[in-house]
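>>> Pasting the sequence and the predicted model now:
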Amino acid sequence: MPNPVLLNSIEHKDLRIITNRGAEWGDQLAWVTTFPAEFRDVQACYPIVFRQTTDGLGFEPIAMLGLVENENLFLKGDRWDAPYVPMLVERQPFLIGVNGSELMVHVDLDHPRVSQQSGEAVFKPHGGHTEFLERVNSLLSAIHQGMQQLPDFLTALLQNELLESFALEVELNDGSQNRLSGFYTINEDRLQALSGEVVAQLHAAGHLRSIYMVLASLSNFRMLIDRKNALLYV
């Protein structure tokens, strides 16, 4: 279970973070949450689809890393085989807590990346922030800002009925049948049928670009399937 606590230079003066890649460090993920401000980088490598939130009341965009649960097809031993790592993977084991209007950095002490012996130091010997922690702070700030913009994007999609469920039938080279379901994508017919006024509104809000980033990303499913097939002969 996660054990997030408020980061401070007294209790955590010796804290180090392992930055290696690998399943043992929590990288064996089939999908990870993303947000519109990250879509440009994500769509270059991964399919972007939507799933219902755990409470069943809303949706969230995710970057697909695999075709089945706990499968990261971009993980090659201790190497991430893609030029871009999604921010919500990159930020581990840190997360943001909010106290009123103040943003506060927390760390999950039970995350496998947390160490006292090896990895990147979080604080300098006399308590100041290391360059590593400054990079983490910038990353967390970008995630927080991006997540603040997400509700408006999702509202625009739902108001215009642009989300539709889909199922992907995949036959691998060994003849096995795989079915990916429970996810949603952009309904292109409804998108094309939108009035000029609605399209202009989506464009003005920056949502139209995000929609087309999602659509462009879907070609990456072919790459996921190719990666899955390659594992059959390892």
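That came through, no problem. Residues are numbered from 1 along each chain as shown.

>>> Run a quick neighbour tally on residue 89.
The number of residues packed near residue 89 is 19, by other CB atoms under 10 Å. Where you see a C-beta, it was placed from the backbone N, CA and C, and this is true even at glycine.

>>> swap in residue 114?
With neighbours defined by other CB under 10 Å, the count for residue 114 comes to 19.

>>> Quick check, it in contact with residue 92.
No. With contact defined as CB atoms under 8 Å, residue 114 and residue 92 do not form a contacting pair (9.7 Å).

>>> which residues do these two both contact?
residue 108 (CB atoms under 8 Å, 6 or more residues apart in numbering).

>>> Point out where this protein drops to low pLDDT.
For the chain, the stretches with pLDDT under 70 are 56-57, 233-234.

>>> Strands of that one, residue ranges please.
Counting by DSSP state E, the chain has strands at residues 4-6, 16-17, 31-33, 48-52, 59-64, 75-76, 79-80, 94-99, 102-108, 114-115, 120-121, 163-171, 177-186.

>>> for the chain, what spans make up the helices?
39-42, 87-90, 131-159, 188-193, 196-204, 207-217, 220-231 (DSSP state H).

>>> Looking at the strands of the chain, which one is packed in the most?
Highest mean neighbour count among the strands of the chain (mean count of other CB atoms under 10 Å): strand 59-64, with a mean of 22.

>>> Report the inter-axis angle for that strand versus strand 163-171.
30 degrees (axes from the mean of the first three to the mean of the last three CA atoms, to 10 degrees).

>>> Paired strands for strand 59-64, with orientation please.
Neighbouring strands of strand 59-64 in its sheet, by DSSP bridges, are strand 31-33 (antiparallel), strand 48-52 (antiparallel).

>>> Please enumerate residues in contact with the shortest one?
The reference is to strand 31-33. Contacts of strand 31-33 (CB under 8 Å, 6+ apart): 51, 60-66, 86, 88-89.

>>> try the longest one
For strand 48-52, the external contacting residues (CB under 8 Å, 6+ apart) are 31, 34, 39, 42, 58-64, 163, 166, 182-185, 213-214, 217-218.
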